[in-house]
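Engineer: here is a sequence together with a model predicted from it:
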Amino acid sequence: MIIKVINKSNNVLPSYETLHAAGMDLRAYIDAPITLKPLQRKLISTGLYIELPENFEAQIRPRSGLALKHGIGIVNSPGTIDADYRGEIKVLLVNLSDEDFVVNNGERIAQMIIARHETAQWQEVEVLSETSRGTGGYGHTGRG
Ligand SMILES: O=c1ccn([C@H]2C[C@H](O)[C@@H](COP(=O)(O)OP(=O)(O)OP(=O)(O)O)O2)c(=O)[nH]1
Ligand SMILES: [Mg+2]
């Protein structure tokens, strides 16, 4: 699919790193390095603005390597970019390690997945259909 994008950064556009990758890596677009102290969170710019088709969203997800090696997560993971959003895509990083983490311009900080979604309408009713699960949940089928 084709997605319109404005790139105000000095970075290359996000791209799939391998042939069948689900996510495109997003790069930080910042004037100077940003330090995240332990447990600190900061909104990181990407310089990207996109126009998604109706019934598509972009999900902003963490990179597992940064998570494993440096404890870097995304506070609102997965972040949601709505199809009608025209602002800059930003990434809310958090440092869950006990050491400072420095983000540099152009660094790959997150990944973006383009996904189709439904738009639902409600049908209000009094009764829902019966199932074998019923209202059971939260481990109701046991552990092993
Ligand atoms: O990680 C994110 C999450 C959101 N957004 C942008 C795109 C999205 O369409 C908009 C609103 O996001 P969301 O609905 O998650 O935030 P909200 O707190 O509900 O704000 P709003 O009232 O503007 O919807 O902010 C980002 O750039 N990065
Ligand atoms: Mg919202």
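Structural biologist: Received it, and whenever you're ready, just let me know what you need. Since we're looking at a predicted model, the values are computed, not measured. Ligands and ions are numbered 1, 2, ... in the order given.

Engineer: show me what residue of the protein gets nearest to ligand 1.
Structural biologist: Ligand 1 sits closest to G79 of the chain, with a gap of 2.3 Å, by C-beta to the nearest ligand atom. For every residue, glycine as well, the C-beta is placed using N, CA and C.

Engineer: that residue pairs with what?
Structural biologist: With DSSP bridges as the criterion, G79 is bridged to I60.

Engineer: quick check: it touching P62?
Structural biologist: No. Between G79 and P62 there is no contact under C-beta atoms under 8 Å: 9.9 Å.

Engineer: now L68. Its backbone dihedrals?
Structural biologist: Main-chain torsions, L68, degrees, to the nearest 10: phi -70, psi -50.

Engineer: so who does it touch?
Structural biologist: Contacts for L68 (C-beta atoms under 8 Å, 6 or more residues apart in numbering) come out as none.

Engineer: so it versus D98, what's the distance?
Structural biologist: Distance, L68 to D98, using C-beta to C-beta, to the nearest Å: 15 Å.

Engineer: in the protein, which spans are helices?
Structural biologist: Applying DSSP state H to the chain gives helices spanning 64-70.

Engineer: name the strands paired with the longest strand along it and say parallel or antiparallel.
Structural biologist: Longest strand in the chain, counting residues (DSSP state E): strand 108-116. Here strand 108-116 is paired, per DSSP bridges, with strand 24-27 (antiparallel), strand 56-61 (antiparallel).

Engineer: can you dump the C-alpha coordinates of the last one into PDB?
Structural biologist: Extracted C-alpha coordinates of strand 56-61, given in PDB (Å, rounded to 0.1, in the frame of the first residue of the first chain):
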ATOM      1  CA  PHE A  56      -6.000   1.900   9.000                       C
ATOM      2  CA  GLU A  57      -4.000   2.800  12.000                       C
ATOM      3  CA  ALA A  58      -0.300   2.900  12.800                       C
ATOM      4  CA  GLN A  59       0.900   1.200  16.000                       C
ATOM      5  CA  ILE A  60       4.000   2.400  17.700                       C
ATOM      6  CA  ARG A  61       5.700  -0.500  19.400                       C
END
